[in-house]
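Enquirer: all I have is the shape, not the residue letters:
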């Protein structure tokens, strides 16, 4: 009889948005605290982005997580590079939670925000 060692998957550290503290913050975000805005671009795609105080809070918590996991940085460029490589940013995490705002790109900011919120609430009711 052969003995097989159990197959273990390699452990991975939780990404910044998967930590219990961040998940608690995300769970307490109300979609009505978020807005869709279109940044003024000279060139590039006309894309709506999620804005609001929760985005700023998550960005700050992401930077704190980078400092806590990596320690001190020699210069600001190293910190920015590390934060950029950390995985999804706050807007990406919120888009995963509340829905992709890009499907409302053809509408005004006000209309897009209203439709984005309605779409999220309709999906929540149907689920």
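Expert: All right, it came through fine. As the structure is a computational prediction, the values presented were derived from the model and not from experiment.

Enquirer: in the helix-or-strand element of the chain with minimal mean pLDDT, which residues are buried?
Expert: Within the chain, no helix or strand scores below helix 76-84, which has a mean of 75 by mean pLDDT, DSSP states H and E. Using 16 or more other CB atoms under 10 Å as the test for burial, helix 76-84 gives 79, 83. Every C-beta, even on glycine, is put in place using the N, C-alpha and C of the backbone.

Enquirer: helices or strands next to that helix in the packing?
Expert: helix 53-70 (3 or more CB pairs under 8 Å, 6 or more residues apart in numbering; DSSP states H and E).

Enquirer: tell me which residues are up against the helix it packs on.
Expert: Identification of contacts with helix 53-70 by CB atoms under 8 Å, 6 or more residues apart in numbering yields 13, 16-17, 19, 21-22, 25-26, 29, 33-34, 73, 79, 82-83, 86, 89-91, 93-94.

Enquirer: how far does that helix sit from its chain's centre?
Expert: The gap between where helix 53-70 is centred and where its chain is centred comes out at 11 Å by CA atoms, centre = their mean, to the nearest Å.

Enquirer: repeat for stretch 98-106
Expert: Per CA atoms, centre = their mean, the centroid offset for stretch 98-106 relative to its chain is 14 Å.
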